[in-house]
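# How does the following fold in three dimensions:
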Amino acid sequence: MDFALMIVLMFAMVYFLMIRPENKRKKEAQNLRDSLKVGDVITTIGGIVGTICKVDESTIVIETSADRVRIEFTKWAVSTKNVSASEPVK
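Numbers count the residues shown, from 1 in each chain. Modelled structure (predicted):
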């Protein structure tokens, strides 16, 4: 009986310490990607900073510099929103 209780407690700890926080982070990341709109400043997972100039269902097009260089990314490549290159990420 004690052994079964320890197994159940161990699975509960794994759920609350590992699985649940990861699911929460995934949900927050999906909400960020769903809320992207033209004019938002974003940083990609590769470190490219730019302003969104077009949003499609699964892709975005960003403008990266004053030279008006435009690059297309899938939405999952977005890391953060409204962070410029000179600001430290918290």
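# CA atoms for contacts and neighbours, from now on please.
OK.
# Could you report the neighbour count for D40?
Using other C-alpha atoms under 10 Å, D40 has 16 other residues around it.
# before we move on, what about A4?
A4, neighbours per other C-alpha under 10 Å, totals 9.
# So it, which state does it fall into?
Classification of A4 using DSSP: H, G, I helix; E, B strand; the rest coil returns helix.
# Moving C-terminal from the top helix by length along the chain, which element do we reach first?
The helix that spans the most residues within the chain, counting by DSSP state H, is helix 20-34. Counting by DSSP states H and E, the next helix or strand C-terminal to helix 20-34 is strand 41-44.
# Run me through the strand neighbours of that following strand, direction for each.
Here strand 41-44 is paired, per DSSP bridges, with strand 49-55 (antiparallel), strand 78-81 (antiparallel).
# Buried residues, the longest helix of the chain. List them.
Using 16 or more other C-alpha atoms under 10 Å as the burial criterion, the residues of helix 20-34 that qualify are L32, R33.
# Could I get the average pLDDT for that helix?
Averaged across helix 20-34, the pLDDT comes to 94.
# For it, what is the distance to the chain centroid?
7 Å (C-alpha atoms, centre = their mean, to the nearest Å).
# Restricting to C-alpha, output it in PDB.
Listed next in PDB are the C-alpha coordinates belonging to helix 20-34 (Å, rounded to 0.1, in the frame of the first residue of the first chain):
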ATOM      1  CA  ARG A  20       1.900  21.500 -16.300                       C
ATOM      2  CA  PRO A  21       4.500  24.400 -16.500                       C
ATOM      3  CA  GLU A  22       5.500  23.200 -20.000                       C
ATOM      4  CA  ASN A  23       1.900  23.200 -21.200                       C
ATOM      5  CA  LYS A  24       1.400  26.600 -19.800                       C
ATOM      6  CA  ARG A  25       4.500  28.000 -21.700                       C
ATOM      7  CA  LYS A  26       3.200  26.400 -24.900                       C
ATOM      8  CA  LYS A  27      -0.200  28.000 -24.500                       C
ATOM      9  CA  GLU A  28       1.400  31.400 -23.800                       C
ATOM     10  CA  ALA A  29       3.600  31.100 -26.900                       C
ATOM     11  CA  GLN A  30       0.600  30.100 -29.100                       C
ATOM     12  CA  ASN A  31      -1.400  33.100 -27.800                       C
ATOM     13  CA  LEU A  32       1.600  35.400 -28.600                       C
ATOM     14  CA  ARG A  33       1.700  34.000 -32.200                       C
ATOM     15  CA  ASP A  34      -2.100  34.300 -32.600                       C
END
